[in-house]
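Asker: Have a look at this prediction, sequence included:
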Amino acid sequence: MKLCVMGMGYIGIPTAVLFAQRGVQVTGVEPREDVVERLSKGIATIEEPGIEEAIAQTIKDGSFKVSSTPVEADGYIIAVPTPFCDDEYKSCDLHFVEQACRSILPYIKQGSVVIVESTIAPTSTDLHIAPIFEQAGLKVGEDIFLAHCPERVFPGKILYELVHNNRVIGGVTPKCAEAAAAIYRRVVEGEIILTTAKIAEMSKCMENTYRDINIAIVNELAKICYELDIDTLEVIRIANMHPRVNMLTPGPGVGGHCLAIDPYFICAKAPKQAKLIQLAREINNSMPAFVCQRVKDLIGEAPAKIAAYGVTFKANVDDVRESPAVEVIHLLSEQGYEVHICDPHVNNPDFLGIYEAAEDADLALMLVDHTEFQQIDYKKLAEKMHRKVLFDTKGFVPQSDFLKIYHY
Ligand code: SAJ
């Protein structure tokens, strides 16, 4: 079988190598020339456990090739970005998906399967994607088979979850769902769930929305507890002892390309009904400003020197998309604070080492709970600092004799 994976990003690359490892001839298609060049040499362009070895091996044995143009294949998997539009409700921007669909039209043959993995707003496949093929004279469900099969993998565990998670296959017709399922059966060991395209679209957006709302409630709790001088993390720990309560952890906000975006896709489709979803987004978006206010309460107005730990959207990834840590650092700099940044997962010549960033600092600000930060020697850190104050927005730093530690 031949597969063409459109988009060599956080989902496209692991998907491509996984199929290649299972005996499928895979071509990865990517417009960025530098990415094509590096991947073709077997060099990883994303950070993800196990990915370097998998790319190197499949490129070397010839099962995985990377190109800037599509090729003729039995199946096309579309894993390109779906940002939001710059409109009132941040609706789903299908521009890259539509472009990818049009670019494969010259290569598609009778019986080809087209699968959209990119997260898209409910009803997009039926209303916007199927018509691209129909207008080219291809009857969906007879000439070609079209399905939406959302990726639902957890960054940091992608290669494992691609195989072991259950997989939702939303066909435009039942035959489309069957044809897409036949492709995934080559790699997926979890359950394969057949449904319609719009149920698959809505369930994917809703999974992330559900998590976003659950984070919003603990972020709101953090603000309430600050107002009332109550320890938020202790409240959550004790409330979670109830057998039917499972609260998440507050933080500097919600980032990444999933939770911080997908809820808007639902809101834009039904803005009058999606009230709670919009409010949750507002609460989570307000957290960077809340962190800045807390910083000001702790060390006073600028000028002051802050050592900021972490810029990625969550721990142990190199992804800074929609990162609330970046927003916090931006706001602090805007207010005149001198911010020294440390993030061992991000390659930036301006970033400093863990102890170097703390030199003369008035505050150590923990924004991401990377493993490296969990192993900090706090005595050594405190020795470097001017004022021995640490604010932990992720709730992972243990109490210390050397620093005054604050959390939510
Ligand atoms: N976060 C908190 N508190 C928490 C948990 C997370 O503030 O208790 C924050 C993180 O720091 C981060 C953001 O939320 O900024 C999102 O992180 P995450 O770990 O919750 O999720 P993602 O974005 O890495 O992956 C999610 C997953 N979705 C769900 O758990 C419902 C994953 O399974 C999806 O495949 C992925 O979105 C996706 O691609 O849609």
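Answerer: Thanks, I have the structure now. Residues are numbered from 1 along each chain as shown.
Asker: The residue nearest to Arg387 when sequence neighbours are not counted: what's it in contact with?
Answerer: In space, and not counting its chain neighbours, Arg387 is closest to Asp362: 4.5 Å by Cβ to Cβ, 6 or more residues apart in numbering. C-beta coordinates here come from the backbone N, C-alpha and C atoms, glycine included. By Cβ atoms under 8 Å, 6 or more residues apart in numbering, the contact list for Asp362 reads 299, 304-306, 385-387, 389.
Asker: Next: Lys175.
Answerer: Contacts of Lys175 (Cβ under 8 Å, 6+ apart): 141-142, 145.
Asker: Just the buried residues from these, in ChimeraX please.
Answerer: Remark: buried members of the contacts of Lys175, expressed as a ChimeraX selection using 16 or more other Cβ atoms under 10 Å:
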select :141,145
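Asker: From the contacts of Lys175, pick the one nearest the ligand.
Answerer: Phe145 (23.9 Å; Cβ to the nearest ligand atom).
Asker: Not counting residues beside it along the chain, what's closest to the closest one?
Answerer: Among residues not flanking Phe145 along the chain, Ala179 sits closest, at 3.7 Å (Cβ to Cβ, 6+ apart).
Asker: how about the strands in the stretch 301-408 of the chain?
Answerer: For the stretch 301-408 of the chain, the strands defined by DSSP state E, counting those that start in this stretch occupy 305-309, 338-342, 363-366, 389-392, 404-407.
Asker: same question but for the chain, I mixed them up
Answerer: With strands called from DSSP state E, the chain shows them at 2-6, 25-29, 64-67, 75-78, 113-116, 145-148, 167-171, 192-196, 305-309, 338-342, 363-366, 389-392, 404-407.
Asker: near the ligand, which residues of the stretch 51-200 of the chain?
Answerer: Contact residues (Cβ under 6 Å from any ligand atom) of the stretch 51-200 of the chain with the ligand: 119, 151-155.
Asker: okay, now Phe154: neighbour count?
Answerer: As a burial measure, Phe154 scores 11 neighbours (other Cβ atoms under 10 Å).
Asker: ok, so what distance separates the closest residue to it other than its chain neighbours from Glu189?
Answerer: Spatial nearest neighbour of Phe154, chain neighbours left out: Glu161 (5.6 Å); criterion: Cβ to Cβ, 6+ apart. With distances taken as Cβ to Cβ, to the nearest Å, Glu161 is found 11 Å from Glu189.
Asker: again with Gln57
Answerer: Distance, Gln57 to Glu189, by Cβ to Cβ: 20 Å.
Asker: Pull the contacting residues for the residue nearest to Phe154.
Answerer: Counting by Cβ under 8 Å, 6+ apart, Glu161 makes contact with 152-154.
Asker: Closest residue of the stretch 301-408 of the chain to the ligand?
Answerer: Lys314 (4.0 Å).
Asker: I'd say that residue and His345 touch.
Answerer: No - if you go by Cβ atoms under 8 Å, Lys314 and His345 don't touch, sitting 10.3 Å apart.
Asker: Looking only at neighbour counts, state which of the two leads.
Answerer: Under the criterion of other Cβ under 10 Å, the comparison of Lys314 against His345 puts Lys314 first, with 22 against 19.
Asker: which residues sit in contact with the more buried one?
Answerer: Contacts of Lys314 (Cβ under 8 Å, 6+ apart): 155, 255-256, 368.
Asker: of all the residues in the stretch 201-350 of the chain, which ones are close to the ligand?
Answerer: 207-208, 211, 215, 248-249, 251, 254-256, 258-259, 313-314.
Asker: How about the contacts made by Ala315?
Answerer: So Ala315 contacts 156, 368-371, 394 (Cβ under 8 Å, 6+ apart).
Asker: What sits closest to it if chain neighbours are left out?
Answerer: Residue nearest to Ala315 in three dimensions, not counting chain neighbours: Asp369, with 4.6 Å by Cβ to Cβ, 6+ apart.
Asker: my guess is the one you found contacts Lys394, does it?
Answerer: Yes - under the criterion of Cβ under 8 Å, Asp369 makes contact with Lys394 at 4.2 Å.
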